Structure formats: C-alpha cells, structure tokens
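S.K.: What shape does this take:
(chains A, B, C, D, E and F)
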Protein chains: 6
Amino acid sequence: MSVPLREVLAALDARYDPALAESWDAVGLVCGDPDQPVRRVVFAVDPISAVVDDVLAAGAELLVTHHPLLLTPVHGVPADDPKGRLIHRLIRGNSALFVAHTNADRAADHGVNDALAAVLGLRDTVPLDPTDDDPRAGLGRVGELDQAIPLREFAARAAAALPVTVGGVRAAGDPERPVRRVAVCGGSGGLLIDAAVAAGADVFLTSDLKHHIVSEWQQSTPLAACDVAHFATEWPWLPVAADLLHRDLSGRVEVAVSRRRTDPWTWHEGTNGVPAGRSAG
Amino acid sequence: MSVPLREVLAALDARYDPALAESWDAVGLVCGDPDQPVRRVVFAVDPISAVVDDVLAAGAELLVTHHPLLLTPVHGVPADDPKGRLIHRLIRGNSALFVAHTNADRAADHGVNDALAAVLGLRDTVPLDPTDDDPRAGLGRVGELDQAIPLREFAARAAAALPVTVGGVRAAGDPERPVRRVAVCGGSGGLLIDAAVAAGADVFLTSDLKHHIVSEWQQSTPLAACDVAHFATEWPWLPVAADLLHRDLSGRVEVAVSRRRTDPWTWHEGTNGVPAGRSAG
Amino acid sequence: MSVPLREVLAALDARYDPALAESWDAVGLVCGDPDQPVRRVVFAVDPISAVVDDVLAAGAELLVTHHPLLLTPVHGVPADDPKGRLIHRLIRGNSALFVAHTNADRAADHGVNDALAAVLGLRDTVPLDPTDDDPRAGLGRVGELDQAIPLREFAARAAAALPVTVGGVRAAGDPERPVRRVAVCGGSGGLLIDAAVAAGADVFLTSDLKHHIVSEWQQSTPLAACDVAHFATEWPWLPVAADLLHRDLSGRVEVAVSRRRTDPWTWHEGTNGVPAGRSAG
Amino acid sequence: MSVPLREVLAALDARYDPALAESWDAVGLVCGDPDQPVRRVVFAVDPISAVVDDVLAAGAELLVTHHPLLLTPVHGVPADDPKGRLIHRLIRGNSALFVAHTNADRAADHGVNDALAAVLGLRDTVPLDPTDDDPRAGLGRVGELDQAIPLREFAARAAAALPVTVGGVRAAGDPERPVRRVAVCGGSGGLLIDAAVAAGADVFLTSDLKHHIVSEWQQSTPLAACDVAHFATEWPWLPVAADLLHRDLSGRVEVAVSRRRTDPWTWHEGTNGVPAGRSAG
Amino acid sequence: MSVPLREVLAALDARYDPALAESWDAVGLVCGDPDQPVRRVVFAVDPISAVVDDVLAAGAELLVTHHPLLLTPVHGVPADDPKGRLIHRLIRGNSALFVAHTNADRAADHGVNDALAAVLGLRDTVPLDPTDDDPRAGLGRVGELDQAIPLREFAARAAAALPVTVGGVRAAGDPERPVRRVAVCGGSGGLLIDAAVAAGADVFLTSDLKHHIVSEWQQSTPLAACDVAHFATEWPWLPVAADLLHRDLSGRVEVAVSRRRTDPWTWHEGTNGVPAGRSAG
Amino acid sequence: MSVPLREVLAALDARYDPALAESWDAVGLVCGDPDQPVRRVVFAVDPISAVVDDVLAAGAELLVTHHPLLLTPVHGVPADDPKGRLIHRLIRGNSALFVAHTNADRAADHGVNDALAAVLGLRDTVPLDPTDDDPRAGLGRVGELDQAIPLREFAARAAAALPVTVGGVRAAGDPERPVRRVAVCGGSGGLLIDAAVAAGADVFLTSDLKHHIVSEWQQSTPLAACDVAHFATEWPWLPVAADLLHRDLSGRVEVAVSRRRTDPWTWHEGTNGVPAGRSAG
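M.R.: The predicted model follows:
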C-alpha cells in the first residue's frame, strides 16, 4: 500500500498551510519527486545526519522535519558540504525531505505550540500573537494550569513532561512565586515577552533565551521565565503531526517519530537549585 | 583620601581604551560629575537594581559595570522606567556610573577574555580575532591546557573555576573526546566559531549559544562546545580590573567587587549528564 | 496644596495627545518621578540652562517645554555634557521635565499654531495640513485678517504682536502688495509652502527660512514670506497652555510662564527697510 | 573681439576645478554651445529671472552664477516652469549659463571663502576644512583681525563690509565679548561649527543658521555666532572671479558683475540691538 | 488655423492619462511653451536627431514621442551633449517635445498594446496586467487568433504585419507547435512572462528578450516566444494616436507620423530558419 | 583510467581562478562528490535538460558549464522544479556539475573572451576592463583585424566564424564604414560600451543588446555595434577549455564538447540587409 508523495504533501499542507509561514522561512519540499510512491514517513525536529541514517535504514520514502535544511539559500548542494551530502544521500536513497516550520508553529489546534501547551497541562489556550484571519492560529499559546503552583514546581513539571535533555530547565524569578497563567512558545520565543506580559501570564516558557533579554525582563516585569532546550519544546509536536497524517490518509501510510534526540548538547556539569541571589565571589 | 572622578576615569580609559569598543557600543560615563571626589569604587557585571542598592549602601561614589545601562539610546530617563529610576537613584546618591564593555573585552593583558582564560588555566594565549594594531588585543582568546583531558572533565573544571550558576555548564560533542587547545570568548561569542575552528581549537567555551548555531556547528566540524552563563564568563574580570585600578591610582581609592550574582536565572531542574544520543521519546 | 505629577501629566496629555507627535519626535517625561507631588509648574520654549536656573530658584517641581532636551537619543547623561548637567540639576532639585512638541503643534484649539494665529488677529482659521482624524488639528493654520493691508504693514503688525527679538521680522515680496489671507506655522515651517499656496494665502509667516527655499518660492509663486525668530512664533502658546492646565486642574497647581527670552540671538546691526531690488555693489 | 565659449569654460575650470565640487552638486555648463563665440560675461550669485533680464539686455553671451539652476535634476525644461522658462530665454537669446558652486567655495586663493575673509579684513587665513590634496583649498576660512574688538563692533564691521540686505547682521553671544580669531563660511555653514571650535575661533560668521543649531551651540561652547544673508556672504566673490577671468583671457572678453541684489528679502521690521537676555513677556 | 499647445496637451492627456505612468517614468512636456500656437504635430517612437531634422524641416510646432528624451534626469542641457543639442534645436526651431510613454502603454482602447494586438489580428483582447481601476487598461494584451496556426507561421505573420527591421522576428519553441492564444507587450516585456503563462497564452511576442530569461522560460513552460525589434512593437501606435488627436481636436491641427525607422540596427547577416536543436560545433 | 573529481576541480580552478568571479556570481561545484572518480568530462554553455540527457547517455561523470544552474540561490531542489529535476538526475546518474562563469570570462589567455577574439581573427588583444592584478585578465578584449573592412563585411565574417544561430548577426552603424579595431565581450556586454569607446574601437561585438542602450550609443558615438546570440559568443571557449583540461591532466580524462546548440531561439522570419534609415510606414 502506498500513496503518491504529491498526495502526502497535500495532506500536510492542508493542516499546516504554507501561507502561515514567515516571509523569511523556507518550508515545503526540499528534495524528492512528487510523483513517487510513499509507504513510510518519519518525523523529526532536525534534518541532521543521524536522523537521515535512521530514515534510510528504515526505508522511509519521506522525512518530515520542523527545521529547514536550507534556511539560508544555496547556489549548490555539493557532497563535500554537510547539507549537500544529506541531499545526495536522500536522493540516492529515494527519500524525500519536507519542512513544516513557522507554518506548523502558527497552525491552529494541531500546531507546535498547541502540542507544547498540551503536554504542560494548560487549559483554555489561545495564541499569544494571533493571526489576522483565525483567532485560534498564531505564534505562542497562553493558558491556565488547574491550580497555582510555585515556580520551582512548575519547572519540575516541565522537566518531567518534556523530553529529557542535558540542560534541563532553568527558571528566573522567585522560585516560590505561585504561577497559574502560563505562556509558552516553541523554539526561540524571546520576541514574544511583551505579548506574554500583555496576556497576564505568570511565567513564560520558551528556549534560546539570552542573558540581556532575561536580565532586562526581570528588572522591568514580575513575569517569571523558564528556558528549556529548543529541541524539547518542539518534540511534542512530532507524534501529534504523525498521528494526524496517518488519520488524514486513512492509514494508507505508516508513520513514525524519530527517536533521535537532536538537541546538540551532550553533557552537563554544575549544581542544581542554587538559591536565588547567592553571592558570586 | 579621595581622587577626582575625572582622574579615575582617565586611569580606566588608559587600561580599557574606548577606541577599542565596537561602533554600536555605549561605553564611558553614564551619569555623574567628573569634578566630584571619589573614595570608593564598586565593580559589577550588570547595572541592575540590587547592585545599585549595595553601591548606595556602601557609600561608593562610582560603580563600574561591564554591561551598558543604555545600550539602546534614550530620549529621557523618567523615574517610572527601570533604567531611569537607577539614574535618579545614582544621581541623588552622588554615585557615578561608568561602563567598560567591548573595549574591556578587547583590551590586552587585563581584559575580560584574558581573565576568563586565566581562571581556566590556559597558557600561551592569543586573541581569536586580533585587532589590527596590537596582536595581544582583540576578541576571544585561544590557548593550551597543561595536558589533554576528556571534554566531560573540561566541563567539570569550568564549573569549578567559574562562579556557580543555576544553569551550570553544558557541553556538545563526544564527552570522552580529549581536548587540549581551548578557545574562549566572554559573553555571547557565537560569531567567533569560525575563528575557533581556524585556530585549531578542540573546544570553544562561551555563552548564549542558540540551538541552530550549535546544531549546524556539530554537523560540520569536530570542535566541541561549552556553554556557561554569560555572567559567569565575565565575572572573572571584575577582581582583575579592581586590583589594577587600585594599583594604577597608588591605593588612593578603595575598590570592591560586588558580591551580587547578576545572572538572572534562579532555579534549575533536570538530570545531569544524560548520555549523548539517547533517544527522546 | 499639591497634585501628584502623574495627574499633571495626564492633564497635559489630554490636551496635547502624544499620539499626534511625529514619529521622530521625543515628547513626554524626560526626568522626574510620576509619584511625587507638584505645587508649581513653569512653561518655557527651550530647556536651557538659564531657564533651569529660574525653575530651581522658584522651587517649581515641573518644567514644561516645547522643545525636547534629548531629541537625539543618548547613551548617558554625564554632568560634563550640557544636557546631562541639566538632568543632574533637575533631579537633584526635585524638578521634573516634560516636553509637548509636535503634539502641541498639531493639537486643536489650544495648540502652538492656534496661539500664533490668535496673536496675529486671524479669524476663521483651519490647519494648513489637517490630521486624518480631526479637521481642527494639524500643522500650521490659515485664516483671514479683518481687512487687506500692505505686506509692510503686516510685517509691522507681526513685529508688534510677537515677543521682541533682535532679528525682528523680515519679509519677501513687494512691500506694497496687499495681504489678507495669512498662513502661519510655528517653528520651522519651510515644508508647508506648497500647502500655503494651495490654501490661497497671500503671505506665509514662519521661521528658519533658508535662502534657497525662499529664492525658488519667490520665483515661482506670488505668495509673500515673513520670517521671524523661531522662539517668537512659539512663545504665544506658553500662556495659553499654562492657563489651560491651571483650569484643567481646578487651580490646584500654580502655573507660570518663564520670562527668559530663549532666542539665542543677542545683537543686530544693519539698515531696516532697504528698498526691494536695490543694486548690491 | 571674441573667444569661443569652450575656451572661456576652460579658463574658469582651471581656477575652479570641477573635481573640487561635492558629489551632490551640479556644476558646469547648464545650457549653451561651447563652439559659439563669447564677447561679454556677466557674474551673479543666483540665476533668477531679473538677472537673466539684465544679461539679455546687455547682450552677454555667458552668465556665470554661483548657485546651480538645476540642483535637483529634471526630466524636462518646459517653459511653464520658472526654471524651464529661463532655459528657453537663454537659448533663444544665445546666452550660455555656467555654474561654479562648491568648487568655487573650496578653491584656493580666489575662492568664495577667500573673498569673504578678505572683505572682513582677516589675515593669515587657512581653510576650516582643508581638502586632502591642497592645504590652501577647502571649505570655510579662519584668520585674525588686526586686534580684538567687541562682538557688537565686529557685527557692525560686517554690516559695513558686506552688501546691504534688509536682514542685516545678527549676533549670538555676549555683545561685549572681545573677538579676534574669526571663522567664516560663505553660504550655509552650519555644519562647520565643530571645525570653527577646533580652530580656536572667537566668532563664526555664516548664513542660514537655524534656531536649534545656534541654541545648542550657545549652550555648549563660548564661540559667538554671526548670521548674515546667504547672498551677502557670496557676493564678494563675484568681482574677484570676474577680474581673474578677464586677466586669464588677456582682456579678450568683457566682464561685469550683475548689480541685482538676489537676496529674496525685501523688507524688515523690528528693534535693533535688544539687550541680551531681556525677558520675553 | 492653429490651437494653443496647452489645448493639444490637454487632449493628449485625456487619452493617455499621465497618472497611468510608472513612478520612474518621465512623461509630459519636455520643452516648449504651452501658450504658443500649434499647427502641425509629428509622432515618432524615438526623439533622435534624424527625427528632429524632419520635424524642423516640416515646420511642425510639436513632436510627440513614445520614448522619453530625459528618462535619466539631468542637471543641464548643454549643446555639446546629444540630448542637450536636441533641446537647443527644438527651442530655437520653436518646436515643443511631448512624451507619452508608460501611460500610453497602459491606456485603454487606443494604447500601444491595443495597437500592437490589432495589427496582429487578435480578438477579444484584455490586458495581461490590468490596472486596479480599469479592467481595459494595463500592460500587455492577450487575445485570440481566428484559428490556430503553427508557431513558424505566426512568426511570418508578425514579420509581415510589423514594420520591416533588419533583425526580423525570432521564435523560441517548436516551430510546428500550433498557437492560437497570443500574448503581446510593446517594448521590453520580459517581466510579463508569468502573466502570459497565467493567461493561458500559447506564445508571447515582445522585444529585448535576453538569453537567460528565454532559456529558463523554455526549460520550465511550453509557452513559445517571439522577439521583434522594440521599435517595431511600438510603431503601430503612432497612426492610432495621430488620428485620435486629429479627431479629438476636430481637425484643427495637422498630424503626421514620422517615416524615420528609429530602430538602431542597420544590417543583418546569417542564415534564416536553422532547424531547432541543430548541433553547434 | 580515472582521476578523483577533487583533482579535476583543482585543475579547472588553477586555470579559472574562482577569486576572479563577480561577488554576485555562483561558480564552483553544484552537485557531486569530490571523492568520486572521473573518466569523462563534457563541456557545455548551458546546464539544460537536453545537455544532461547527453551527459548521462555518454556516462560522463562531470559536466562543466559556463552558466550557473542556481544563480538565484534556492531553499530546496525538489524534482517538480526544472532545476531540481536536473539535480536529481545528475546525482542519481553519478554525474557532477561544475560552473566556471565570470571567472572564465576574466581569465587570462584561455578565457571566454580570449577564445571569442581568436575565432574573429583579432591580434594583439588586451582586456577592455583589466583586473587590478593582471593586465592580461579582465572582462572583454580589444584587438586589431589584419586590415580594415566594411562593417557589413565584418558582420559576415562574424556570422561565418561563430556557431550558426537563427538570429544571425545584427549590426548598427553605417554598413560601409571601415572597421579595424574591434572590441568584443562574450555574453551580455552592454555595460562595457564606454570601455570600448575609450579603447578606440571601431566596432563592439557582444550579445543581449537592448534598444535603448544601442539607440543612445548610436546618437552619441561613432562606434558601430554587432549583436550575436549570447550562446554563440561563449561557445568558442568550450573546445579551448576542454583541450586545456585534457593537457593539464596529462590525458588521464577524456574530454568532449557538447554538440547541443543551447541558444533557445529556434526559428527566424524577416528580410536581411534592409538599407539603413529606410522609412518605416
């Protein structure tokens, strides 16, 4: 049993409309022929070499990733470049590569941010930055926990709910401060801080937060911060999207989520839970 | 015993030449009157509210910070803005604020990067990106450990040598890989990766590394990565600069390093030392 | 009797909506704390040193000026810079500084241009460049004198009605030409010439007119020009705004208009009234 | 006796090298045929209608002006545009138009700034902003009076030495302050204030000075200001250039300076010599 | 019998609204006086020297061209520049020059593209790129031939219908391929290829097609191409516009179409009709 | 017998230094693995589908083209895009693609322009626009024919010497004008007209000349023009480069020049040799 790639791509585009992507983004088909049949589809966060190893070993004809392989456009795909080598391996292995990035972030109901909010147990979520056309679509989500819990407990809950990474979960703000209203943004969400404040959130969980932005934020608002691995905020979307595709195609393709941890960090050292404000010297 | 502020600033400028600062930077005197006397100087990484509390409590007439208060220029300093409030408190408390930022990063021999390399035990260091005029000045440093050690041991050594922070030290690359040649850059050093590769480093330690840059880097080079708190990479410079000023002014001013940990992160959750490449699901 | 600064600022913003300001402008609170009480307010055109002397001598807690102190944004307010020194003196003297600039120019009914038109005796005035939302708001005004008078007589009337300045009033065009419909623009109005022509004005009075713009204008249209000191065109607004604030706060603050002439010109030499077109040699 | 226009232009270019002009400037031949003979040349500051009347009445085949007719480039010269009409009249009247603008400003020894400095009696003049190639060429001049005189007396001397204009001479600074070292810049010289300060001048005379620049300048430096009509600062160059051309061509063309006053201002009202700092109300 | 130039221009503007021109274009009156009488008008594609010879020989007071003389704006029109020389000759010969360029391209019903479509026998034409306001106005036209003919026959028909030029007509695509739906664009129409594809055209005829654009186009779409001389695509408009003006002014001016071929190419060598895909060596 | 692709590329780079390419160009390896062996190399002007057919049919492991496949950089190479399809076919067929474009244009002695000048019989050639470092390298060439011949005869000679194309050779200028000094530029050389004038050329042969540039050029200079197919000007380089590579690798690879005519034009209609200046109507 197989489905033409063209039909699989149409099903993905129907859920993750490419028109929702940022103007600078690079979504859609990266390599592969829409006329070829697909039996098996693998979902992963990053199109890296180890993921491609697994895709080829599994004989999957399609790899769907969240991150673009060629966000910076290229004049060639020579095999002595790491990205070009992936292209050569995929084409020779008859595997296509498809990207759903900021369109999957913004999509309503089954998007990256919906999946992240769901694993954290948020209810009544709405986008932090809704699109003009659909109040359920847009970047980030904000919703409520069942009850208020201390910030340190929320951090522990996030660490338990998300894929384990070496970096774990960092929080900024008074660890005992109760939080109930939670804003989240899968990936690098630093630009949505003002939206999180405006939404009345108690804490904002996202990734790739840099020192200056968090330092200024903690000086000017009571909103607490949680920083987790970029990979970990987007991984929860993979099983959601895989199941959805399986159902949308009435089970005519097999789907799988790559078990590769594509977070690049491999080791961690240092003390947990240093009390806030301890002296440095 | 006191020294006119003008003379203190001249001593600082002599060590940390403002001409070394980036064109976008904002170094020098932020508030205060060069004609007023100074008896006590406090050094800190960030000009935040808690640091100003200590400066005023100590009766210091000058606060020297590494980070600018007003990197984004302003049309006013009203007291209902967090930064304007600091200005009001400093002016009313008769304390000046002075910034040595990218000029302190680039300075030769006693700069931020020299201090970071020294606490990590590097020898024979040279800048990663030397200035045109002085081969000992410039951004970053690269040098040698006494002997090669596994990456995980290097991470542990960094955790021990730098101020304790909740986030600790993260590493990317095979934890058992031996490293001897070490590149460092205080603050956000992501733009110096190519220079670290060109310098033949085995590992590059810096801060504020984002997912995409590390992921691409680990796909394309064998250079390992270490990420530590931005604050922790710059703190080692504080006692160096304080002692130097004390000596340059022949002991006529008292100097102190603020004991405030200005890293904004206050809590951490999650497992240390997850084996590399473990599956995510 | 006093009013919190916050309440005074709200009253000023209600009359001079900051949303009317140009995007490049710098209006609002420059220094001072909205929580502090205000008993006395001084109004002036320019925030210069002599004006601040008077404000502090009078014990006023608020100075309202038309011109911004920090139109070009700054990275610091050190006291060895003239503007930084004013900030230090105001903060130490417990005086706030507030700016209403292009929002006061554009405001309806009680704005800078209304006040200028009123002292010149214009009737039935409307803006030269109305805003989209309010036909009574906008830059410049055009209106009618009671009867047509020669240009030279209009110049004499302007000289009598406006604050005395060393530069007086210059006119371009035939001195005997009758004028009745008059366009005005407080401050530097050279960009509104086309609007003045379109409005059917006989003469346009403004300030800071440069040679090339007037020379081209006199070659291409019959519209006469009057140039007066920038300060003199904006001064008439001060008593209007002061009285209005006094009334809006039901007399709970004292108001005063600074008597400093902040026009920088101090001396004048040369013959008045040279006949037009006289030979130069 | 006549000279081909081509030869006249070569003589002018030899004194006023077009390579000295600003990149945005528009110098050289505006209309006319280099192959036609020239018997008479008229010099004027501005190419305005009244000047062209005189040129055509005098039967001059060449008009040399300091200001460009078409500084803003055009897609056509139709006769219902004031500038296009001048082009039609000149072409039909067999008169050429040639412009020497910023090249004449910068030229050494016989340039616009040399002529201005000379009529004010300055000695040992050098450029305020020298060119890279010739220390005697460049914008502005700074030199010495024979002896120090009060600012008010200097203003009176300038009023007497320059062509009479309705606006006369305005000064900023203490009228009794002695001045000896004098900076000048023909035309709009506001951008050279820093150079005038750096040159140690006591006073800077130029034209088209706007309020904000003079107000800030008077708050930050002791340098006095004199503002005169733009036309008046450039007129002194006309007889210098006319005589030079006559000599350079061995008397083979007649030369004349237009006696038209091309300053657009025609009338003045208001008191002279108001004491500095007088109150405004 | 004569008509004021102003009235002639108004009639042309009524048919070829200058508001339809591109923002970068330069249409309207280039030289001449709207108050002068016009008896005879000549129409041509290009304002070149040979055309001006004919205009002056014919004593016509107005030349109307499709191409601007001064598309790149100028700071002068000296007679030693080819374009300035034309201006001198026209002004001295009392002939005006008027341009209708992209406004004539876009105009409805009697525009350049309508005339081109008409001589090729197209029916039911509509613009390829309609304006927002008028569905009959816009760039390019697409319409139908009476019946499908082979591409080579269409090329031969175009060669017969358009003015003879040395370059003739080149076609790309299978010469035997039938074409019926035809897109055209007078002048350089390379940017409208996507619109021609979207309009379902079989062939697109325009001029100035460069190698890379045609090569990519032939690799990616079945749309055939025809390239003819730029001059030849615009010439058909001349008699249309001339007749229209004559009628609009009730015969009060004489009109003529210049018989000058202003295509710059003068000679051709090389074989016609080489079979497609022949080897090159 | 085979050579690693890496070594073949090194030989090509040694002759056609990539540092000579324009900053906007896209030269070098487009697809393929430098570690694979190469036995046969094919050279062509354009990387189009028919050329790839031949390369794969011939079993060549490397295609060298003059024109880039991906001059506009891409975010993917999907097989439903014409360029992506070529990439898929080449990778699956084990054929690499390498581009030498503006570096081959500029290269000394064996470059595109040298080859073009040679087939036209020019002697003593030098670049029209030499590089800073090498007087023999640069864009275009200018040299001498053995003796002067009429322009029409030069056009016939070019038609005979270059590959036959349907468009043949067009000339602008008097067909009888003698030409001896000849400038050439392979590809689109319109920007080198001024250089050709400065070099004293009688005629400039290049391709892709558009109407406006030739029309202005013929109005302002006596330089004649010849326009030939872009493909035809670059084809002569193919055998030169192929032979050179064969020799540089001591015959260890087979080389061949593709016999595909990649000029996209397939048909021509219209009269040759219309006399210059014939009327159009």
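S.K.: What about A:Val38, how many residues nearby?
M.R.: Other residues within reach of A:Val38, judged by other C-beta atoms under 10 Å in any protein chain shown, total 24. All C-beta atoms are positioned from the backbone trio N, CA, C, and that covers glycine.
S.K.: correct me, but it touches A:Glu61?
M.R.: Yes - applying C-beta atoms under 8 Å, one finds A:Val38 in contact with A:Glu61, separated by 4.4 Å.
S.K.: Mutual contacts of those two, please.
M.R.: Each of A:Leu5, A:Ala96 lies in contact with both A:Val38 and A:Glu61 under the rule C-beta atoms under 8 Å, 6 or more residues apart in numbering or on different chains.
S.K.: Now the terminal residues of stretch A:18-32, how far apart.
M.R.: Stretch A:18-32 has an end-to-end distance of 18 Å (C-alpha to C-alpha, to the nearest Å).
S.K.: Oh, that last question was meant for stretch A:227-245, not what I typed.
M.R.: First-to-last residue span, stretch A:227-245, C-alpha to C-alpha: 30 Å.
S.K.: touching chain B at all, that stretch?
M.R.: Yes - Stretch A:227-245 lies within reach of chain B by C-beta under 8 Å from any C-beta of the partner chain, at A:Asp227, A:Ala229, A:His230, A:Phe231, A:Trp235.
S.K.: Show me those residues that map onto strands.
M.R.: Counting by DSSP state E, the residues of stretch A:227-245 next to chain B place A:Asp227 in strands.
S.K.: how about the residues of stretch A:227-245 next to chain B in CSV, adding distance to A:Pro18?
M.R.: Below are the residues of stretch A:227-245 next to chain B laid out as CSV (distance: C-beta to C-beta, whole Å):
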residue, distance to A:Pro18
A:Asp227, 30
A:Ala229, 27
A:His230, 22
A:Phe231, 23
A:Trp235, 22
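S.K.: D:Pro47: which of the residues of stretch A:227-245 next to chain B is nearest?
M.R.: A:His230 (65.5 Å; C-beta to C-beta).
S.K.: thinking again about what came up before, greatest separation within the residues of stretch A:227-245 next to chain B: which pair is it?
M.R.: Pairwise over these, using C-beta to C-beta, the maximum falls at A:Asp227 and A:Trp235, 15.7 Å.
S.K.: and these two? which has more neighbours close in?
M.R.: Between A:Asp227 and A:Trp235, counted using other C-beta under 10 Å, the more crowded position is A:Trp235 (29 against 26).
S.K.: circling back to that earlier point, with respect to A:His101, which of the residues of stretch A:227-245 next to chain B is nearest?
M.R.: Among these, and counting by C-beta to C-beta, the member closest to A:His101 is A:His230, at 12.6 Å.
S.K.: quick one: the closest one from chain C, how far?
M.R.: 33 Å (C-beta to the nearest C-beta, to the nearest Å).
S.K.: That residue reaches A:Gly189, doesn't it?
M.R.: No - judged on C-beta under 8 Å, A:His230 makes no contact with A:Gly189 at a distance of 9.8 Å.
S.K.: Please identify every residue contacting each of the two.
M.R.: Overlap of the contact sets of A:His230 and A:Gly189 (by C-beta under 8 Å, 6+ apart) consists of A:Ser207, A:Asp208.
S.K.: Moving C-terminal from the helix or strand harbouring A:Val240, which element do we reach first?
M.R.: Assigning secondary structure by DSSP states H and E places A:Val240 in helix A:237-248. Per DSSP H and E, the first helix or strand lying C-terminal to helix A:237-248 is strand A:254-257.
S.K.: what lines up beside that next one in the sheet?
M.R.: Strand pairing for strand A:254-257, using DSSP bridges, gives strand A:40-44 (parallel).
S.K.: so the strand it pairs with versus helix A:237-248, what angle?
M.R.: In terms of direction (axes from the mean of the first three to the mean of the last three C-alpha atoms, to 10 degrees), strand A:40-44 departs from helix A:237-248 by 150 degrees.
S.K.: Do any residues in the helix or strand just after strand A:40-44 lie close to chain F?
M.R.: Scanning forward in sequence from strand A:40-44 by DSSP H and E, the next helix or strand is helix A:49-58. No - judged by C-beta under 8 Å from any C-beta, helix A:49-58 makes no contact with chain F; its nearest approach is 14.5 Å.
S.K.: Helix A:49-58 - contacts with which helices or strands?
M.R.: strand A:40-44, strand A:62-65, helix A:82-92 (3 or more C-beta pairs under 8 Å, 6 or more residues apart in numbering or on different chains; DSSP states H and E).
S.K.: interface residues of chain A facing chain E?
M.R.: Counting by C-beta under 8 Å from any C-beta, no residue of chain A is near chain E.
S.K.: Chain A against chain F: which residues are in contact?
M.R.: Residues of chain A lying near chain F (C-beta under 8 Å from any C-beta): A:26, A:28-35, A:68-71, A:73-80, A:84-85, A:87-88, A:91-92, A:96-97.
S.K.: Whichever of those residues end up buried, select them in PyMOL.
M.R.: One line in PyMOL is enough to select the buried members of the residues of chain A next to chain F, burial here meaning 16 or more other C-beta atoms under 10 Å in any protein chain shown:
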select buried, chain A and resi 26+28+29+30+31+32+33+34+68+69+70+74+75+76+77+78+79+84+85+87+88+91+96+97
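S.K.: Nearest to D:Glu22, out of the helices and strands packed on helix A:49-58?
M.R.: Closest to D:Glu22 of the helices and strands packed on helix A:49-58, according to C-beta to C-beta: helix A:82-92, at 48.1 Å.
S.K.: now check the closest one, is it near chain B?
M.R.: Yes - Helix A:82-92 reaches chain B (C-beta under 8 Å from any C-beta) through A:Pro82.
S.K.: burial measure for the closest residue to A:Val41 other than its chain neighbours, as a count.
M.R.: Spatially, and ignoring its direct neighbours in sequence, A:Val41 is nearest to A:Leu62 (4.5 Å; C-beta to C-beta, 6 or more residues apart in numbering or on different chains). The burial count assigned to A:Leu62 is 27, neighbours taken as other C-beta under 10 Å.
S.K.: thought A:Leu62 was touching A:Pro37?
M.R.: No - at 10.3 Å, A:Leu62 and A:Pro37 do not qualify as touching, with contact defined as C-beta under 8 Å.
S.K.: Return the residues of the stretch 51-200 of chain A in contact with chain B.
M.R.: A:67, A:82, A:151-152, A:155-156, A:158-159, A:163-175, A:187-188.
S.K.: Those residues, buried ones only, as a PyMOL selection?
M.R.: The PyMOL selection below is limited to those of those classed as buried (16+ other C-beta under 10 Å):
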select buried, chain A and resi 67+151+152+155+156+158+159+163+164+165+166+167+168+169+170+171+172+173+174+175+187+188
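S.K.: Just the ones of the residues of the stretch 51-200 of chain A next to chain B in strands?
M.R.: Using DSSP E, those in strands are A:Val169, A:Arg170, A:Ala171, A:Ala172, A:Gly187, A:Ser188.
S.K.: how about a markdown table for these, with pLDDT added?
M.R.: Shown next, in a markdown table, are these (pLDDT from 0 to 100):
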| residue | pLDDT |
| --- | --- |
| A:Val169 | 96 |
| A:Arg170 | 96 |
| A:Ala171 | 97 |
| A:Ala172 | 98 |
| A:Gly187 | 98 |
| A:Ser188 | 97 |
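S.K.: Now do the contacts for the residue of chain A found nearest chain D.
M.R.: Chain D sits closest to A:Glu216 of chain A, with a gap of 31.0 Å, by C-beta to the nearest C-beta. Contact partners of A:Glu216, counting by C-beta under 8 Å, 6+ apart, are B:Pro82.
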